[in-house]
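Undergrad: The sequence and its predicted three-dimensional model are supplied below.
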Amino acid sequence: MEAKIIQALILIIPLLMAVTLHEVAHGYAAWVFGDPTAKMAGRLSLNPVRHLDPFGSLLLPGLLIFSGSPAIFGYAKPVPVNFRNLRDPKLGTIVVSAAGVAVNLACALAAGLLFQLIAPFAGESTFLLLIARLLYGFCMISVVLAVFNLLPVPPLDGSHILSALLPPGPRQTYERIGSFGILILLVLLMTRSLDFLITAIIRPLVRFFTGG
């Protein structure tokens with residue numbers, strides 16, 4: 001149990017950082033495209049407390065960790081975006097939705113490079129070992145967030161991108177499943193239906209960023 005708690009902390013701390021940066025990226029992209037809603041709501045802050053979602057940021061990842069799920073996933077409180085304020089609603093929606101994924105991949109790259117610098121010396125001190133584990137966790141969580149958020153399951157970013165690309169009729173039909181999106185995602189995670197993403201995309205990306 002103690003090992004599980006330590007593992008949870010090593011994963012949840014990077015998760016809070018990753019989801020915070022993810023949401024700030026959405027808000028900043030929306031601001032650049034003409035929507036100041038997130039900025040006016042104070043959601044362009046890097047303070048994780050402003051973005052914390054009790055279920056998505058703590059309970060869901062904790063449940064996945066203690067259930068032995070092969071992928072740890074979570075989310076923050078979505079930043080408010082008024083897509084009607086965007087100068088180019090279609091392009092703006094795609095860019096705003098993709099911004100979080102792009103930032104997560106950039107963070108994974110940065111964390112992976114730092115991990116490669118520290119890892120050879122991690123055995124020399126407990127502090128360096130802890131930093132290396134946190135960097136590896138941050139890289140892994142960032143990759144997981146980037147890949148999973150591209151899934152076309154509402155309310156993930158991939159669903160907004162797909163919705164923006166669909167014609168009006170199919171878009172309305174597609175958006176009706178939005179209220180069931182979290183339940184669908186939770187079932188997919190708990191039943192390991194997304195294992196192919198882990199083996200085919202997530203693990204190779206983590207190995208690439210962390211130097212194997």
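TA: Now that the structure is in, tell me what you want to look at. Residues are numbered from 1 along each chain as shown.

Undergrad: got the contact list for the residue nearest in space to the middle of the chain?
TA: Geometric centre of the chain, nearest residue: residue 145, 2.9 Å, by Cα atoms, centre = their mean. Residue 145 makes contact with 18, 19, 22, 73, 100, 101, 104, according to Cβ atoms under 8 Å, 6 or more residues apart in numbering. Where you see a C-beta, it was placed from the backbone N, CA and C, and this is true even at glycine.

Undergrad: now, which of those sits nearest residue 36?
TA: Residue 36 has its nearest neighbour among the contacts of residue 145 in residue 100, at 18.3 Å by Cβ to Cβ.

Undergrad: per-residue pLDDT, residue 194?
TA: As predicted, residue 194 sits at a pLDDT of 78.

Undergrad: you'd agree it is up against residue 187?
TA: No - between residue 194 and residue 187 no contact is recorded; they are 10.3 Å apart, counting by Cβ atoms under 8 Å.

Undergrad: And the two? Which one has more around it.
TA: residue 194 (18 against 11; other Cβ atoms under 10 Å).

Undergrad: What separates the first and last residues of stretch 39-47, distance-wise?
TA: Using Cα to Cα, to the nearest Å, one end of stretch 39-47 lies 14 Å from the other.

Undergrad: List of residues touching it?
TA: 20, 21, 23, 24, 27, 28, 31, 38, 50, 51, 79, 80.

Undergrad: returning to what we had before: so the residue nearest to the centre of the chain, which state does it fall into?
TA: Of the three states, residue 145 takes helix under DSSP: H, G, I helix; E, B strand; the rest coil.

Undergrad: Not counting residues beside it along the chain, what's closest to it?
TA: Nearest-residue entry for residue 145: residue 104, 4.7 Å, with adjacent residues in sequence omitted and distances by Cβ to Cβ, 6 or more residues apart in numbering.

Undergrad: Figure out the helix or strand that that neighbour lives in.
TA: Following DSSP states H and E, one finds residue 104 within helix 89-118.

Undergrad: Spell out the residue ranges of the helices in this protein.
TA: Counting by DSSP state H, the chain has these helices, from start to end: 2-32, 37-40, 60-67, 89-118, 126-149, 157-165, 168-175, 181-190, 195-197, 203-210.

Undergrad: Buried deepest among the ones you listed, which one?
TA: helix 126-149 (a mean of 21; mean count of other Cβ atoms under 10 Å).

Undergrad: I'd like to know which elements the helix-or-strand element of the chain with minimal mean pLDDT is packed against.
TA: Lowest on mean pLDDT, DSSP states H and E among the helices and strands of the chain sits helix 60-67, with a mean of 75. Counting contacts by 3 or more Cβ pairs under 8 Å, 6 or more residues apart in numbering; DSSP states H and E, helix 60-67 is packed against helix 2-32, helix 181-190.

Undergrad: These: which one's closest to residue 138?
TA: Of all the helices and strands packed on helix 60-67, helix 2-32 sits nearest to residue 138, with 3.7 Å by Cβ to Cβ.

Undergrad: Run the angle between that closest one and helix 157-165 for me.
TA: Angle of helix 2-32 versus helix 157-165, following axes from the mean of the first three to the mean of the last three Cα atoms, to 10 degrees, is 30 degrees.
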